[in-house]
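J.: Got a sequence here, can you build the structure:
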Amino acid sequence: MTKLSVNLNAVAQLRNRRTIGWPDVTRIGRMVLDAGADGLTVHPRPDERHIRRQDVFDLKALLDNYPSAEFNIEGYPADPFLELVETVVPDQVTLVPDDPSQSTSDHGWPIPQHEDFLRRVIERLHAADIRVSLFVDEDPAMAGWAHAVGADRIELYTGPYGAAHGTANANAHLARLADTARAARAVGLGVNAGHDLTLTNLPTFIIGMPTIDETSIGHGITADALEWGFPETVRRYIAALSKR
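T.: Prediction:
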């Protein structure tokens, strides 16, 4: 079954609107893990506009109490980010090609243009015993390139599919995502997915795809939690992931 990693960035962004330290990111992390989530995801940006450096250490300490749960840290592989993850040693690092000013990830790596750079970064992370996933678009060719530079997994950028859900274009996006996943499996890579996945579009996505190892979902879960609360929302997303 596909694992659910809950991205806590939106919770942190809400907290950062005030100086009172609430909502507590670590407390919400504990709630979603107790509700059955398989792990936590964070994307610490240099300006700390949502997840802060201290959050990363606090969540790592929390996860030490959940030995079956995984910690996934996303980010652009600049030296400060790499030094942070080498200190924390999460289970997985997902490398994204974001500019620091971006509000959110909106495209995958054009791997051939960054081949040598990514290979060096992945070797460095492997030396720290960290699994590496590369954020990629719905392009089967990127699977072969991800394997060539040494990645362990890819994460499919599902934003275009999420935006097109309910329109005639959704099936075309889903087909390209499935082709990319199959290409990754063919070369021995794991496959993750994330971005704009919701309770509305997630069942169709799961049914239409080859096996997905993990989905990283934050905005949708946080938005739905305003209505149902985090534990119930996590349970609903787990149920949606089991539709296959």
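J.: Any buried residues in the lengthiest helix in the chain, and which?
T.: Secondary structure of the chain per DSSP state H: the longest helix is helix 170-186. Residues 170, 173-174, 176-178, 180-181, 183-184 are the ones in helix 170-186 that count as buried (16 or more other Cβ atoms under 10 Å). Where C-beta positions appear, they are placed from N, C-alpha and C, glycine not excepted.
J.: Kindly report the same for stretch 233-244.
T.: Going by neighbour count (16+ other Cβ under 10 Å), the buried part of stretch 233-244 is 233-234, 236-238, 240-241.
J.: before we move on, the earlier item: dump the buried residues of helix 170-186 to CSV, plus distance to Gly208.
T.: Putting the buried residues of helix 170-186 into CSV (distance: Cβ to Cβ, whole Å) gives the following:
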residue, distance to Gly208
Ala170, 9
His173, 10
Leu174, 5
Arg176, 11
Leu177, 8
Ala178, 6
Thr180, 13
Ala181, 10
Ala183, 16
Ala184, 16
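J.: sorry, back to before: what angle separates the helix or strand just after the longest helix of the chain from helix 170-186?
T.: Remark: after helix 170-186, the chain's next helix or strand is strand 190-194, criterion DSSP states H and E. Orientation check (axes from the mean of the first three to the mean of the last three Cα atoms, to 10 degrees): strand 190-194 against helix 170-186 gives 150 degrees.
J.: Report all helices and strands that strand 190-194 contacts.
T.: If contacts are counted by 3 or more Cβ pairs under 8 Å, 6 or more residues apart in numbering; DSSP states H and E, strand 190-194 sits against strand 153-157, helix 170-186, strand 214-217.
J.: Look up how far Gly144 lies from the residue nearest the centre of the chain.
T.: When Cα atoms, centre = their mean is applied to the chain, the residue found nearest the centroid is Ser216 (3.8 Å). For Ser216, the distance to Gly144 (Cβ to Cβ, to the nearest Å) stands at 23 Å.
J.: now do Asn171
T.: For Asn171 relative to Gly144 (Cβ to Cβ), the value is 24 Å.
J.: Flag the shaky bits of this structure, pLDDT-wise.
T.: The model of the chain has pLDDT under 70 over residues 99-106, 244.
J.: Let me see the ranges of the helices in this protein.
T.: Going by DSSP H, the chain shows helices at 9-15, 25-34, 53-63, 79-88, 115-127, 140-148, 159-164, 170-186, 202-208, 219-228, 230-241.
J.: coming back round to it: in the sheet, who's paired with the residue nearest to the centre of the chain?
T.: Beta-bridge pairing for Ser216 (DSSP bridges): Ser5, Gly194.
J.: how near is it to Ala193?
T.: 8 Å.
J.: correct me, but Val11 touches Ile221?
T.: No: with contacts counted by Cβ atoms under 8 Å, Val11 stays clear of Ile221, the gap being 9.4 Å.
J.: Relative to Lys60, which of the helices and strands packed on strand 190-194 is closest?
T.: Evaluated over the helices and strands packed on strand 190-194, closeness to Lys60 peaks at strand 214-217, with 17.0 Å, by Cβ to Cβ.
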